[in-house]
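J.: Compute the structure for the input listed below.
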Amino acid sequence: MNLAAALIYWVIIALWLAVLTTAGVAFIRNPRTFGAVRLLLFVIAIDTVRNIIENLYFGLYFGGQYGLFPAAIVGVLGNPGYLIIPKVMNVIAACAVFGLLVLRWLPLASKERAEADADIRIKTQALNQEIEERRRLFDTSLDLILITDRNGVLGRVSPSSLATIGYRPDEMIGHNGAEFIFSDDLAATRQELQLARTGQHHMRNFETRYVHKNGRIVPLAWSGVWSEPEQKHFFFGRDMTERKSAEEQLRRLAHIDQLTGLPNRVSLHKDLDTILRERAGNPALPVTVATLDLDAFKDVNDTRGHSVGDKLLQEVARRLTSAPEKAQVYRLGEDEFVLLLSDCGDPILAFGVVETLLKRLGGQFDFDGHQLFIAVSAGVAIAPNHGSTVDDLLANADLALYDAKAAGGRLCRLYVPTLRSQAKRRCELDMELRRAFANQEFLLYFQPQVRSSDGSIVGAEALLRWQHPERGILAPGAFIDALCESAVAIETGRWILNSACKTAACWRAKGLPSIRMGVNLFPAQFRNGTLLQDVEQALSESGLAPEFLELEITENIALGREEGTLSPLKELRAKGIGIAFDDFGTGYASLSYLTRYPLTRIKIDRSFIQQIGAQSAPEDTAIVRSIIGMGSNLGLEVIAEGVETAAQADFLKAEGCHELQGYLCSKPLPAEAFEQVLQSRASVHTKRVHSG
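T.: Numbers count the residues shown, from 1 in each chain. Just a heads-up that it's a prediction; the model follows:
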């Protein structure tokens, strides 16, 4: 038993060595341990060392007594002086622990308490600040914030409710939210709430209309969440009134013409497509489309200004929509309008409606002192006979409109299938004309203009020909109308002008008689606005004097474009260039044009000359006599076109017509052949002079 007691000391030593080793390892692995943990390690280490020394002493002492160690150890350790060592160790250990408590632990504990208090204070301030910020957000939010229980009873309402739906928070709290929701939206709102409570989704941009205190409807976009622990709904509602207004404005911009307030092209396509789809395959439910176009509207803008043009369009829209006829009116852009007759398939009835509207537009328009009279052309297409799709129907109505304008305007035409084939031919011809210009297939012929008194050549008219690669030489009648509307009209006009001037200058350089060169102008050359510069450049490059150039204009150029045409012509006339009025008497031009335009010559159209014969009645020649007399009275030279017989030449000479042009004198000739004619005439004239 005494041996066992002796061994206990060694077990205790082993245990304390294990404690010391563990504390040392812990300290080595985490040397930055501070505060109570570090103090605890130090106290354990001190107590461990004390216990090891004390138990080592008694372990050796009792081990010697029981034969575990030499007996001499007992005598040494039994010395009373050594017995005091364990007690001294206890005192030292106690002092060390006390010193650590006073010098280290208490300051560290105070510091840690201060840091903990500071940390708690900081977190408390942050929490209070967050609470305050949330309160301010709640109080100042422009969005409507609602908190309800699972039954929809309002528990908290943000002050923005007053601005949003006209109710103060205290007027809403305690009431069920359904009391403020527009009745038509109640069922959908309840379904959303039910889905939110089942956790199937969060509410995002769910729109519900509320009823304002003043009775108006307020659209609100909601976001919300259901909190299961709190058994509450949290909602955030944004007033969508301004957004809805903006969306409506965008819709109007997309579907309504801003100038006239009429539905635009997008609306027409949508409405017409809906009608055609609903009536597809049922010929008993027709629909009529009529396209309307103001004749020469561009001239109104050019001569009176765009403000007058805008007012004219607004008044046209008003007259169209105020008519008793049941027609939906659209404006497609510029001066083009469309009538949609959804229950009309009879061409006679459709024409009646359209012509009635055209008459309403044919009256006088007064704007700020401007008096306007306009003409309108129309094209009509009827579905399903003339097209079963929107694009086909509108395209065919446009073809009918084009046909009406080509016939002189002020007309209403119905689409017929031949119009599409004609349009196809026009398109093909336009492509050919573009290719012809690019491949330099155009050439000039020249027809002499002779003095009626002695037959001398005094001028030449440059006439365009097309050397077609398959059809040979083509006269202007086969392509000139298409060329006038083609994209290459301006470039072709410049080429004609330059080539004619260079040819005339070349003849003069060869010593041939000086004659004037007549050049026909395209309408596009006036619309382009570069006519004056083009003529000046042609004269400069060729060296031709201005008095030997004569520009020929037709009535379709002058008609309706006085201000845009007069200015460049006056400047050209001031430079000495002649101005001839071609095909006079065949159009609608006023006789006052003869005094307003800076003309030097009138050309009598061949249609009047052809009526002159040996046995012509007086009424057949009255117009020619009148034109010749009028020209003489106005101081203008007069030339007759299309002179083919001697009788016609004699009559014209007797009536005082200054010059003749036609097959009697010569057919149009290539430049080389015309040059030979000039040379022969010059030789004859020289012989006459010498013989005389």
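
J.: C-alpha only now, for contacts and for neighbours.
T.: OK.

J.: check contacts around A614.
T.: A614 sits next to 647-648 when contact means C-alpha atoms under 8 Å, 6 or more residues apart in numbering.

J.: let's see it at 6 Å
T.: Counting by C-alpha atoms under 6 Å, 6 or more residues apart in numbering, A614 touches A647.

J.: same question, L294
T.: So L294 contacts 335, 376 (C-alpha under 6 Å, 6+ apart).

J.: pLDDT wise, what is it at?
T.: For L294, the pLDDT comes out at 88.

J.: Ok, N282 next?
T.: So, for N282, pLDDT stands at 74.

J.: Could you check how far it is from P417?
T.: 21 Å (C-alpha to C-alpha, to the nearest Å).

J.: Do a quick rundown of the strands in the stretch 301-450 of the chain.
T.: Secondary structure of the stretch 301-450 of the chain (DSSP state E, counting those that start in this stretch): strands at 328-333, 336-341, 364-367, 370-373, 376-383, 412-414, 442-451.

J.: other SSEs contacting the last one?
T.: To tie it back to what came earlier, the one meant is strand 442-451. Other helices and strands packing on strand 442-451, by 3 or more C-alpha pairs under 6 Å, 6 or more residues apart in numbering; DSSP states H and E, are strand 457-468, strand 659-660, strand 669-670.

J.: Redo those as TSV? Include mean neighbour count.
T.: Formatted as TSV, these follow (neighbours: other C-alpha atoms under 10 Å):
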stretch	mean neighbour count
strand 457-468	21
strand 659-660	28
strand 669-670	16
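
J.: Any idea which of those strands gets closest to D403?
T.: For the helices and strands packed on strand 442-451, proximity to D403 was assessed by C-alpha to C-alpha; strand 457-468 is nearest, at 25.8 Å.

J.: Check which element follows that closest one along the chain.
T.: strand 472-474 (DSSP states H and E).

J.: give me the element the residue nearest the centre of the chain is part of.
T.: For the chain, the residue nearest the mean C-alpha position is A254 (10.5 Å; C-alpha atoms, centre = their mean). Taking DSSP H and E as the definition, one finds A254 inside helix 241-255.

J.: buried set for the helix or strand that comes right after that helix?
T.: Sequence-wise, the next helix or strand downstream of helix 241-255 (DSSP H and E) is helix 265-278. Going by neighbour count (16 or more other C-alpha atoms under 10 Å), the buried part of helix 265-278 is 265, 267-268, 272-273, 275-276.

J.: Looking at the residues you listed, which is nearest W507?
T.: R265 (57.0 Å).

J.: In contact with that closest one, which residues?
T.: L332.

J.: Now do the same for it: its pLDDT.
T.: The model's pLDDT for R265 equals 91.

J.: Against N396, how distant is it?
T.: The gap separating R265 from N396 is 16 Å, by C-alpha to C-alpha.

J.: partners of I217 in the sheet?
T.: Counting by DSSP bridges, I217 is bridged to V211.

J.: Could you verify my assumption that it touches V211?
T.: Yes: because the distance of 4.9 Å satisfies C-alpha atoms under 6 Å, I217 is recorded as touching V211.

J.: ok, for A280, nearest residue in space, not its chain neighbours?
T.: The shortest distance from A280 to any residue other than its chain neighbours is 7.6 Å, reached at S388 (C-alpha to C-alpha, 6 or more residues apart in numbering).

J.: burial count for the one you found?
T.: S388 is flanked by 18 other residues according to other C-alpha atoms under 10 Å.

J.: repeat for H370
T.: 9.

J.: Please, where are all the helices along the stretch 101-250 of the chain?
T.: Using DSSP state H, counting those that start in this stretch, the helices found in the stretch 101-250 of the chain span residues 106-140, 161-165, 169-172, 186-197, 241-255.

J.: then the fourth one to PDB, C-alphas only?
T.: Provided in PDB are the C-alpha atoms of helix 186-197 (Å, rounded to 0.1, in the frame of the first residue of the first chain):
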ATOM      1  CA  LEU A 186     -59.800  42.200 -56.600                       C
ATOM      2  CA  ALA A 187     -59.800  38.600 -57.800                       C
ATOM      3  CA  ALA A 188     -56.400  38.700 -59.400                       C
ATOM      4  CA  THR A 189     -54.900  40.500 -56.400                       C
ATOM      5  CA  ARG A 190     -56.300  37.800 -54.000                       C
ATOM      6  CA  GLN A 191     -54.800  35.100 -56.200                       C
ATOM      7  CA  GLU A 192     -51.400  36.800 -56.100                       C
ATOM      8  CA  LEU A 193     -51.500  37.000 -52.300                       C
ATOM      9  CA  GLN A 194     -52.500  33.300 -52.000                       C
ATOM     10  CA  LEU A 195     -49.600  32.300 -54.200                       C
ATOM     11  CA  ALA A 196     -47.200  34.400 -52.200                       C
ATOM     12  CA  ARG A 197     -48.400  32.800 -48.900                       C
END
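
J.: Which pLDDT value goes with the nearest residue to H212 once chain neighbours are set aside?
T.: Once flanking residues are discounted, H212 sits nearest to I165: 4.3 Å by C-alpha to C-alpha, 6+ apart. Per-residue pLDDT puts I165 at 88.

J.: same deal with the one 5 residues further on?
T.: On the pLDDT scale, D170 is placed at 91.

J.: Check the gap between it and I577 for me.
T.: Taking C-alpha to C-alpha, one finds D170 at 91 Å from I577.

J.: ok, now A126?
T.: 93 Å.

J.: Same drill for these two, tell me which one is more crowded.
T.: I577 (21 against 12).

J.: In contact with the more buried one, which residues are there?
T.: Here I577 is in contact with 546-547, 549-550 (C-alpha under 6 Å, 6+ apart).

J.: quick one: which of the residues you listed is nearest to A673?
T.: L549 (20.6 Å).

J.: Once you drop chain neighbours, what's closest to the closest one?
T.: Per C-alpha to C-alpha, 6+ apart, closest to L549 is M517, 4.9 Å.

J.: so that neighbour is in which element?
T.: strand 516-520.

J.: Quick check: mean pLDDT of the helix or strand just after that strand?
T.: Downstream of strand 516-520, the next assigned helix or strand under DSSP H and E is helix 523-528. Mean pLDDT, computed over helix 523-528, is 84.

J.: Centre of the chain to helix 523-528, how far?
T.: 29 Å (C-alpha atoms, centre = their mean, to the nearest Å).

J.: Any stretches of the stretch 201-350 of the chain with poor pLDDT?
T.: 201-205, 281, 283-284, 302, 323-325 (pLDDT under 70).

J.: returning to what we had before: could you single out the nearest of the buried residues of helix 265-278 to A640?
T.: R265 (50.1 Å).

J.: how close does the closest one sit to T321?
T.: From R265 to T321 the distance is 17 Å (C-alpha to C-alpha).

J.: Also N51?
T.: According to C-alpha to C-alpha, N51 stands 114 Å off from T321.

J.: So which of those two has more stuff around it?
T.: Set side by side, N51 and T321 show more neighbours around N51, with 22 against 18, by other C-alpha under 10 Å.

J.: Point me to the helix or strand that includes the more buried one.
T.: helix 35-65.

J.: Run a quick neighbour tally on L393.
T.: Neighbours of L393 (other C-alpha under 10 Å): 25.

J.: Show the pLDDT at the residue lying closest to it once chain neighbours are set aside.
T.: Excluding the flanking residues, the one nearest L393 by C-alpha to C-alpha, 6+ apart is G387, at 4.7 Å. G387 carries a pLDDT value of 86.
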